[in-house]
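Novice: show me how the following folds:
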Amino acid sequence: MPNILPIEKQATAVLMLCEGNSIRSVERMTGIHRDTIMRLGIRVGNACADFMDSRLRELNCRRIEVDELWGFIAKKQAQCLPEDYATGLGDVYTFVALDADTKLVPSFLAGRRDEVTTNLFLDDLQGRLSNRIQLSSDGWRSYANAVHAAFGSEVDYGQIVKVYASPDKTEERKYSPPRITKIERSPIVGEPDHISTSYVEKQNHTVRIDWTH
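Specialist: Numbering: from 1, shown residues only. Prediction:
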């Protein structure tokens, strides 16, 4: 018979992971083996995905912002060998859709930053909505075709592109992004009247900060 972890300890481990603790730190503080913690994380993640897939349907969102959250598996893309790509190593992007009014995340998808993932992501988003929306994204080249494939003309879609200044070699900017010199907003489909990705970018920034702590 397997040794079933008490529900109280399961809840404690999940809560600690949600608070940003590492798997090994949870292991040290709770006495739960790291393999058990990882299996628990997979079970909880799958349950959350099933809940989201069944309940987040027929949503009446009005303004959706989409963005990509960068990460990597094992090593960054620049360090990968040609054979690493087939095994899933290297850069991975989590595509995130955010309702600008309620801050609900109706859809997300992790994968490569390519046309296949972009199409799957927007097709999933479209399938969860019950009405026409205003959609905003950055200038990633695959978005326009993916939006057309998923929504056709039944969307008000625009792109926002931020133009950055060239780094000043005389100024130390190791941890600071270059200065924004211009913001370009372009209607792509329909009549979008508020093209912005500020909310989803801020959420992704918060996620990245939590990952580093």
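Novice: send the alpha carbons of the lengthiest helix in the chain over as CSV?
Specialist: Identified as the longest helix of the chain according to DSSP state H is helix 34-55. Taking Å, rounded to 0.1, in the frame of the first residue of the first chain, the C-alpha atoms of helix 34-55 are listed here in CSV:
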residue,chain,number,x,y,z
ARG,A,34,11.4,16.5,-3.0
ASP,A,35,10.1,13.8,-5.4
THR,A,36,6.8,13.7,-3.5
ILE,A,37,6.6,17.5,-3.7
MET,A,38,7.1,17.4,-7.5
ARG,A,39,4.5,14.7,-8.0
LEU,A,40,2.1,16.7,-5.8
GLY,A,41,2.8,19.8,-7.9
ILE,A,42,2.0,18.0,-11.1
ARG,A,43,-1.3,16.6,-9.6
VAL,A,44,-2.4,20.0,-8.4
GLY,A,45,-1.4,21.7,-11.7
ASN,A,46,-3.3,19.1,-13.7
ALA,A,47,-6.4,19.6,-11.5
CYS,A,48,-6.2,23.4,-11.9
ALA,A,49,-5.9,23.0,-15.7
ASP,A,50,-8.9,20.7,-15.8
PHE,A,51,-10.9,23.2,-13.7
MET,A,52,-9.9,26.1,-15.8
ASP,A,53,-10.7,24.2,-19.0
SER,A,54,-14.2,23.3,-17.9
ARG,A,55,-15.2,26.5,-16.1
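Novice: which is the next helix or strand following that helix?
Specialist: strand 63-73 (DSSP states H and E).
Novice: domains for this protein, by residue range?
Specialist: As given by automatic domain parsing, the domain ranges for the chain are 1-55, 58-212.
Novice: off-centre distance for the shortest one?
Specialist: On the basis of C-alpha atoms, centre = their mean, to the nearest Å, domain 1-55 sits 21 Å off its chain's mean C-alpha point.
Novice: please apply the same query to the last one.
Specialist: Put simply, domain 58-212 sits 8 Å off its chain's centre (C-alpha atoms, centre = their mean).
Novice: what mean pLDDT does it have?
Specialist: Average pLDDT, domain 58-212: 89.
Novice: so how many other residues sit close to Phe121?
Specialist: For Phe121, the neighbour count with other C-beta atoms under 10 Å is 26. (Each C-beta comes from the backbone N, C-alpha and C, glycine too.)
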